[in-house]
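[1] Just the structure for this:
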Amino acid sequence: MNNHSYHQWSARGFTLIELMVVIAIAAILMAVAVPSYMSFSANNNASDITLILKASINRAKNEAVRQGTTMKLCALKSDGSTNCGIATSWQYGWVIVPASSSTIIQKYQPNGASGIVISTTGTPPLSFSAQGLMTPIATFTFTIKPPQCTSGFQVVVGAAGQTTTTQVTCP
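    Okay, here's the model as predicted:
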């Protein structure tokens, strides 16, 4: 007779209880991390739009001086058409156009799903003379707020066309 030695095989792996504990811990971590990430992402989008808005304001001023004509920064309507009238909500985007024509120098349309609200104080549109000064001479304030706002940004355009940005707390 052959004398075979039999090896006892032990199963290697995880038990069902161990897998359930790991999944429960992962679910708890996700429940804590996802809202923080969403807030971080929304604040980042607001910061990006603030920088793009400042760049557009500076471009409108520079184009006015370069072309020697009045330039307007106008809000877009929800359908993407230009609204150089009385709009005070700029979340659909904006365009830079010469006052004397409808030629679009620059157009910006943010992602509509961002939920960011852009409001203003001042009489739209934002206009710059050929000398780079606001017309009429006044200050113009943009407030950029992400959804579930804890803090947002405020961009103030002075009469000389200079911009200042501050972080603001949402009410």
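[2] So what sits opposite Val168 in the bridge?
    Note on Val168: beta-bridge partners by DSSP bridges are Gly152.
[3] What average pLDDT does the particular helix or strand that has Ile96 in it get?
    Using DSSP states H and E, Ile96 sits in strand 94-98. Throughout strand 94-98, pLDDT has a mean value of 91.
[4] again with stretch 143-162
    For stretch 143-162, mean pLDDT rounds to 87.
[5] Restricting to C-alpha, output it in PDB.
    Output of stretch 143-162 as PDB, limited to C-alpha atoms (Å, rounded to 0.1, in the frame of the first residue of the first chain):
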ATOM      1  CA  THR A 143     -21.300  88.800  -5.900                       C
ATOM      2  CA  ILE A 144     -20.500  85.200  -6.800                       C
ATOM      3  CA  LYS A 145     -22.000  82.600  -4.500                       C
ATOM      4  CA  PRO A 146     -21.900  78.800  -4.800                       C
ATOM      5  CA  PRO A 147     -24.900  76.600  -3.900                       C
ATOM      6  CA  GLN A 148     -25.200  75.900  -0.100                       C
ATOM      7  CA  CYS A 149     -23.100  79.000   0.300                       C
ATOM      8  CA  THR A 150     -20.800  79.300   3.300                       C
ATOM      9  CA  SER A 151     -18.500  81.800   1.600                       C
ATOM     10  CA  GLY A 152     -18.500  83.500  -1.800                       C
ATOM     11  CA  PHE A 153     -16.600  86.300  -3.600                       C
ATOM     12  CA  GLN A 154     -17.200  89.900  -4.400                       C
ATOM     13  CA  VAL A 155     -15.600  91.700  -7.300                       C
ATOM     14  CA  VAL A 156     -15.800  95.500  -7.100                       C
ATOM     15  CA  VAL A 157     -15.000  97.500 -10.300                       C
ATOM     16  CA  GLY A 158     -14.100 101.100  -9.500                       C
ATOM     17  CA  ALA A 159     -14.700 104.200 -11.600                       C
ATOM     18  CA  ALA A 160     -11.200 103.900 -13.100                       C
ATOM     19  CA  GLY A 161     -11.800 100.300 -14.100                       C
ATOM     20  CA  GLN A 162      -9.700  98.700 -11.400                       C
END
